[in-house]
Every structure is written in structure tokens, then in C-alpha cells.
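S.K.: Okay, sequence plus prediction incoming.
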Amino acid sequence: MTTTRRLRILTWHVHGNYLYYLTQVPHDFYLVTDRARSTHHTGRSGTLPWGDNVHEAALEALPGMKFDLVLYQSIDTWEHDRLRYLDAGQRALPSVYLEHDPPQRHPTDTVHPAAGGVTAIVHVTPFNALMWDDAATPTRVIDHGVLPLSDARYRGDRPTGIVVVNNLDLRGRRLGHDVFAQVAARVPLSLVGMGSERCGGEGEVANRDLPQRLAEHRFFFNPIRYTSLGLAVIEAMMVGVPVVGLATTELVTVIRNGVNGIVDTRVDRLVDAMHELIERPDLARELGEAGRRTALERFSIERFVDDWLDALRDWTA
């Protein structure tokens with residue numbers, strides 16, 4: 001599906017991998033930067049292979065710049081940058097709030113901060129859309145899409161699991177810090193991600209190197225209690241790594257227990273399953289291949305790009 005014109009979209013660098021996948025959409029994206037390259041103002045940062053359609057827009061130069069749509073991705077940018085740095089014309093443009101997470105204050109009765117103030121709210125999972133109170137604001141669900149950063153495929157030659165969570169110790173029970181600790185005491189696990197050294201982990205792994213690292217391990221463990229649907233889970237599935245996780249949030253619509261992965265709300269059951277995967281490489285490979293087929297079908301980058309093109313055309317028509 002095509003649009004009638006190439007759009008200039010102003011946004012912020014909030015979730016790097018998601019932003020990389022989003023910029024596969026053939027429009028021009030302008031990422032806000034400040035002099036300190038502070039949180040959400042880092043532009044074309046990191047090791048991701050940004051395309052020629054990804055540009056930077058200095059905070060002080062924003063007033064007067066021409067855009068077709070503003071894409072907010074965090075409460076800070078909605079409540080602060082929008083009011084302080086955008087001019088009246090930019091604030092009047094079609095605007096979309098891309099919501100990456102479910103509500104954290106109350107799981108069902110939280111009104112979205114941008115409700116009533118944007119053209120639309122986009123949720124990255126149906127679970128997000130179910131839990132937020134969008135207060136009659138037009139909403140759309142655009143399921144994740146993943147473009148693998150390498151051609152790595154599952155080997156599973158390390159009889160260990162791998163966990164990918166940034167700053168796990170600082171994010172507590174919601175991200176499953178305690179669950180990880182319980183399981184790591186009984187099953188060999190590798191932890192990677194920003195700040196993971198504080199939990200005995202191996203530190204951050206560059207985006208381009210993560211698929212190869214995932215492919216080495218017998219399984220991927222997702223200890224997160226309450227989230228949307230982590231891209232690392234899908235990236236592992238794309239490689240063919242079998243996923244073991246808590247049967248909560250959107251993950252239960254992706255993993256069918258014992259068919260294309262393992263999910264349960266009982267940690268002991270998950271630990272038993274991990275031991276079985278370690279002892280039975282054939283089972284691990286079978287589940288991982290089934291998971292890969294699921295990921296390729298549901299989270300293809302082509303479907304993701306088409307969904308965004310369709311939505312952007314509607315909002316800017």
C-alpha cells in the first residue's frame with residue numbers, strides 16, 4: 001500500500017529497536033536532539049544502521065521547521081517538549097501518541113495522558129489497548145514488526161538460558177527482578193542488557209550482535225510480569241530460540257504452551273521446563289522452529305510497514 005506523498009514526521013528516540021523498525025516506513029523521520037544528548041534526545045545514536053530517511057532536528061531549531069505529523073512516544077515529550085519547544089503551528093499538526101507500555105499506576109482505570117489531545121493513540125499490542133482508558137480518543141493497534149539485524153539462526157549449543165532486560169535491578173517486580181533471581185538460583189542463566197553487570201550479568205550487547213548471542217543459548221527466558229510485549233522476545237523467536245516466559249499480558253496470545261514455546265504462571269513449572277530443554281536439545285529446537293514460524297507470520301516487517309503506511313495516510317489525508 002502506498003501513500004500519495006512523502007511525509008516529514010517529527011519524533012523522539014525513545015525505544016531504539018522499535019524506532020529502527022518504524023523507520024523502515026518510507027517517510028522522513030526527524031529525531032529531536034539537545035546539546036547534552038539527554039534521554040529521548042539522542043537522535044541517530046547507538047549502533048543501529050539508520051537509513052538515509054532518518055534525520056536529526058536540534059531542539060533550539062524546532063520552531064518554524066516544517067513537518068506533516070508529530071509522533072509522541074513518551075509522557076515527557078507530550079507534557080514538556082510539546083508545550084515548551086513546539087510552535088503553535090506544529091502543535092496544531094496531526095499528532096499521534098505511540099504507546100509502548102500498559103498503564104503502570106493502575107492496570108485498568110488509568111486515563112491515557114494524551115487522551116483528547118491527539119489525532120489518535122497507537123498501541124503496540126492489543127493488551128495495551130485493552131488496559132488503557134483512552135477516553136473516546138481514536139485508537140489503533142499496530143502489532144510489532146521485526147527486521148532481523150543479522151541472519152543468525154538457532155544453534156542452542158550452550159545448555160543455558162538467556163535473559164535480555166535493561167536495568168533489571170532498578171525496575172523491580174514489574175520486570176521480574178525477583179523472578180529472575182529465583183530461577184537463576186536453580187537454572188544456568190545468562191543476563192544481558194544495560195546495567196546487567198549489577199545483577200551478575202554480562203552487560204549490554206550491541207544490537208547487531210544480539211541475534212548471534214541469542215542463537216547460542218538453549219532457550220530464552222522472559223521473567224517480566226507486566227509489560228506490553230518485549231521486542232527481545234520476538235527477536236529471539238525470529239532466530240528460532242525457544243521462549244520460556246510468564247503467562248501474562250500479550251505473550252499469552254503469541255506462545256501456545258508446549259507448541260511454540262513454554263508459558264505458565266507457576267515459576268516451578270517454568271523451571272522444570274527449562275531443565276527439560278537443557279536435557280532435550282531436540283525438543284528445544286522443535287519449539288524454537290515453531291516459534292520462528294509464528295514470529296514470521298505475525299511480526300513480519302512487511303505487514304508492519306503496510307499498517308503504518310495505511311494509518312499515516314488516514315491521519316494526514
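M.R.: Received the coordinates, thanks.

S.K.: Now do the strands in the stretch 201-317 of the chain.
M.R.: Assigned strands in the stretch 201-317 of the chain, in chain order: 217-222, 243-246, 262-264 (criterion: DSSP state E, counting those that start in this stretch).

S.K.: With the stretch 51-200 of the chain instead?
M.R.: Using DSSP E, counting those that start in this stretch, strands in the stretch 51-200 of the chain cover 54-58, 69-72, 95-99, 120-123, 139-141, 158-164, 189-192.

S.K.: about what we covered before: pick the most buried one from the strands of the stretch 201-317 of the chain.
M.R.: strand 217-222 (a mean of 28; mean count of other Cβ atoms under 10 Å). All C-beta atoms are positioned from the backbone trio N, CA, C, and that covers glycine.

S.K.: Flag every buried residue along stretch 166-185.
M.R.: Neighbour-count burial for stretch 166-185 flags 168, 169, 175, 176, 177, 179, 180, 182, 183, 184 (criterion: 16 or more other Cβ atoms under 10 Å).

S.K.: which regions of the stretch 101-250 of the chain sit below the pLDDT cut-off?
M.R.: Residues of the stretch 101-250 of the chain meeting the criterion pLDDT under 70: none.

S.K.: now the helices for it?
M.R.: 126-131, 168-171, 177-184, 210-216, 231-239 (DSSP state H, counting those that start in this stretch).

S.K.: Any idea which of the ones you listed gets closest to residue 38?
M.R.: helix 168-171 (17.9 Å; Cβ to Cβ).

S.K.: so what does that closest one touch, helix or strand wise?
M.R.: Contact here means 3 or more Cβ pairs under 8 Å, 6 or more residues apart in numbering; DSSP states H and E; on that basis helix 168-171 packs against helix 177-184.

S.K.: what angle separates the helix it packs on from strand 158-164?
M.R.: 180 degrees (axes from the mean of the first three to the mean of the last three Cα atoms, to 10 degrees).

S.K.: Keeping just the C-alphas, turn helix 177-184 into CSV.
M.R.: What follows is helix 177-184, C-alpha atoms only, in CSV (Å, rounded to 0.1, in the frame of the first residue of the first chain):
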residue,chain,number,x,y,z
HIS,A,177,13.9,-9.0,39.1
ASP,A,178,12.8,-11.3,41.9
VAL,A,179,11.6,-14.0,39.4
PHE,A,180,14.9,-13.8,37.6
ALA,A,181,16.8,-14.3,40.9
GLN,A,182,14.6,-17.3,41.9
VAL,A,183,15.2,-19.0,38.6
ALA,A,184,18.9,-18.2,38.3
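
S.K.: Any chance of CSV for the strands of the stretch 51-200 of the chain, columns mean neighbour count and distance to residue 313?
M.R.: As requested, the strands of the stretch 51-200 of the chain are arranged in CSV below (neighbours: other Cβ atoms under 10 Å; distance: least, Cβ to Cβ, whole Å):
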stretch, mean neighbour count, distance to residue 313
strand 54-58, 17, 20
strand 69-72, 23, 11
strand 95-99, 23, 13
strand 120-123, 23, 13
strand 139-141, 16, 12
strand 158-164, 20, 34
strand 189-192, 21, 39
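
S.K.: Is it possible to get TSV of the ones you listed that adds distance to residue 224?
M.R.: Output for those, formatted as TSV (distance: least, Cβ to Cβ, whole Å):
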stretch	distance to residue 224
strand 54-58	29
strand 69-72	24
strand 95-99	17
strand 120-123	18
strand 139-141	20
strand 158-164	10
strand 189-192	13
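
S.K.: in the chain, which residue is closest to the centre?
M.R.: residue 231 (4.0 Å; Cα atoms, centre = their mean).
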